[in-house]
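**Q** Turn this into a model:
(one chain, ligands or ions: 2)
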Amino acid sequence: MFRSDLLRDKVIVITGGGTGLGRAIGERYLELGAKLAIASRRKDVLQTAAQEMTQNGGEVFYHPCDVRDPSQVTELFDAIYAHYGKVDILVNNAAGNFISPTERLSSRAVDSVLNIVLHGTFYMTLELGKRWIEEKKSGTMLNIVTTYAASGAGSGFVVPSAAAKAGVLTLTRSLAVEWAKYGIRQVAIAPGMFPTEGAWSRLVPSEEMGERLLNRVPLHRAGNKSELANLAAFLVSDEAAYINGEVVTIDGGEWLQGAGEFNELADLTNEDWDQLSAKMRSK
Ligand SMILES: CCC/C=C/C(=O)SCCNC(=O)CCNC(=O)[C@H](O)C(C)(C)COP(=O)([O-])OP(=O)([O-])OC[C@H]1O[C@@H](n2cnc3c(N)ncnc32)[C@H](O)[C@@H]1OP(=O)([O-])[O-]
Ligand SMILES: NC(=O)C1=CN([C@@H]2O[C@H](COP(=O)(O)OP(=O)(O)OC[C@H]3O[C@@H](n4cnc5c(N)ncnc54)[C@H](OP(=O)(O)O)[C@@H]3O)[C@@H](O)[C@H]2O)C=CC1
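**A** Ligands and ions are numbered 1, 2, ... in the order given. Alright, predicted model coming up:
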């Protein structure tokens, strides 16, 4: 799909790059010639991922980092700069989320999600942005949000995530304007349903629930990680250099399904339509 050198020698940092979508994005970037740095809390997960991802060549540097802690974020970039000497692209992919009635949440539960998603993304963005501005270096930041942020609708039962991801999208759009003069570009992706162990264990705990959610998708399937990874490759590449402050939704049409007042009529059979039509015409 892409030139094999699309991301050649680009140093790309991916938070949460050892699992799920972050790892899939990283694997695609490696195929396109990038050098990776992956970071998250669990060192063993990062180490295993780095080993597996480089089986066919390429370079993956890993460094444990809790993005909720600004001092760890500074240490992370110190370590990456010591290793690679530069960073070209940042993917803010790390997140926390779980389903719960909002009234059951403790303040610590709220903080656990807000601190990873909103504060963590902001700390990563700020630390690297300051370095790029100081170095007079251009770069691209890609933030992974969700459809309930991109639609502006939010979502019940994942309210800390909805609030935090909306904040991340606003961060994306605000800095797209403010930091454009430094050559720093901001983009975002809003994924719909992409089954991963991390997301499904916390958000889709039963098979029946998974089926119900999938039925909401007009294309009647979940997304493939490779589809998301290809979009993530295009958006950070120089081919997308004029896209700034934009969020691209990749959800098989799911959010539109809920938005259109009459979309539920997709469930009607031809016989149902024959009957309804006859009834309406008889009036
Ligand atoms: C398809 C849709 C879109 C998908 C979007 C995604 O983001 S998918 C990405 C999905 N991937 C991920 O989410 C990966 C990362 N996620 C994680 O590491 C955890 O899920 C985390 C977000 C809780 C943070 O962990 P941590 O070790 O920092 O925190 P901790 O364990 O110390 O708990 C802190 C507080 O939260 C409370 N609490 C916890 N669970 C529940 C619950 N189910 N119910 C109620 N409360 C809950 C817990 O009781 C405690 O409060 P307390 O009792 O002290 O007042
Ligand atoms: N899967 C889906 O359907 C959807 C996913 N998304 C988004 O995609 C992204 C990836 O999610 P997905 O791959 O499904 O889930 P995962 O749980 O696999 O990914 C979350 C990653 O974030 C890391 N992480 C969590 N907390 C921290 C922290 N405090 N500091 C550093 N890293 C942290 C985790 O690693 P560790 O535990 O080692 O820290 C993990 O690697 C997220 O932004 C999510 O919101 C959006 C919409 C739908």
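**Q** how close does the residue of the stretch 1-150 of the chain at minimum distance from ligand 2 sit to Lys165?
**A** At 2.2 Å from ligand 2, Gly20 is the closest residue in the stretch 1-150 of the chain, using C-beta to the nearest ligand atom. Just so you know, the C-beta spots here come from the backbone N, C-alpha and C atoms, and that holds for glycine as well. As defined by C-beta to C-beta, to the nearest Å, Gly20 lies at a distance of 16 Å from Lys165.
**Q** Quick check on these two: which one has the bigger neighbour count.
**A** When Gly20 is set against Lys165 and neighbours are counted by other C-beta atoms under 10 Å, the residue ahead is Lys165, at 29 against 19.
**Q** list the contacts for that one?
**A** When contacts are counted by C-beta atoms under 8 Å, 6 or more residues apart in numbering, Lys165 touches 95, 117, 145-146, 148-149.
**Q** Just among those, which is most surrounded?
**A** Highest neighbour count within the contacts of Lys165, by other C-beta under 10 Å: Val117, with 31 neighbours.
**Q** re earlier: excluding its backbone neighbours, what's nearest the residue of the stretch 1-150 of the chain closest to ligand 2?
**A** Sequence neighbours aside, Thr196 is the residue nearest to Gly20 in space, at 3.5 Å (criterion: C-beta to C-beta, 6 or more residues apart in numbering).
**Q** The contacts of Lys165 also near ligand 2: which ones?
**A** Checking the contacts of Lys165 against ligand 2 by C-beta under 6 Å from any ligand atom, the ones in range are 95, 146.
**Q** out of the contacts of Lys165, which are inside helices?
**A** 148-149 (DSSP state H).
**Q** In this structure Ile133 contacts Gly183, no?
**A** No. Contact between Ile133 and Gly183 fails when scored by C-beta atoms under 8 Å: they sit 9.5 Å apart.
**Q** Can you give me every residue that contacts the residue nearest to Gly20?
**A** Thr196 makes contact with 19-21, 225, according to C-beta under 8 Å, 6+ apart.
**Q** Give the buried residues for the helix or strand containing Glu52.
**A** If you go by DSSP states H and E, Glu52 is part of helix 43-53. Within helix 43-53, the residues that qualify as buried are 45-46, 49-50, 53, counting by 16 or more other C-beta atoms under 10 Å.
**Q** ok, now stretch 148-156?
**A** For stretch 148-156, the buried set under the neighbour-count rule, 16+ other C-beta under 10 Å, comprises 148-151, 155.
**Q** circling back to that earlier point, output the contacts of Lys165 as TSV; include the columns pLDDT.
**A** Compiled in TSV, the contacts of Lys165 are given as follows (pLDDT from 0 to 100):
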residue	pLDDT
Ala95	98
Val117	99
Val145	98
Thr146	98
Tyr148	97
Ala149	98
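**Q** On the pLDDT front, check the residue of the stretch 1-150 of the chain closest to ligand 2 for me.
**A** Taken from the predicted model, the pLDDT recorded for Gly20 is 98.
**Q** In contact with it, which residues?
**A** Shown in contact with Gly20 (C-beta under 8 Å, 6+ apart): 194, 196-199, 225.
**Q** what about it, distance to ligand 1?
**A** Using C-beta to the nearest ligand atom, to the nearest Å, Gly20 is found at 7 Å from ligand 1.
**Q** I'd like to know how many residues surround the nearest residue to Arg8 once chain neighbours are set aside.
**A** Counting by C-beta to C-beta, 6+ apart, Gly33 is the residue found nearest to Arg8 once chain neighbours are left out, at 3.5 Å. Summarising burial for Gly33: neighbours were counted as other C-beta under 10 Å, giving 16.
**Q** Assign a three-state SS to Gly33, would you?
**A** With DSSP: H, G, I helix; E, B strand; the rest coil as the basis, the three-state label of Gly33 is coil.
**Q** is it true that it touches Leu6?
**A** Yes. Using C-beta under 8 Å, Gly33 makes contact with Leu6 at a distance of 6.9 Å.
**Q** show me the residues around the closest residue in space to Asn93 that isn't next to it in sequence that make contact.
**A** With C-beta to C-beta, 6+ apart as the measure, Gly22 is the residue that lies nearest to Asn93, at 4.0 Å, once sequence neighbours are left out. Each residue near Gly22 by C-beta under 8 Å, 6+ apart is listed here: 14-16, 38, 40, 91, 93-94, 144.
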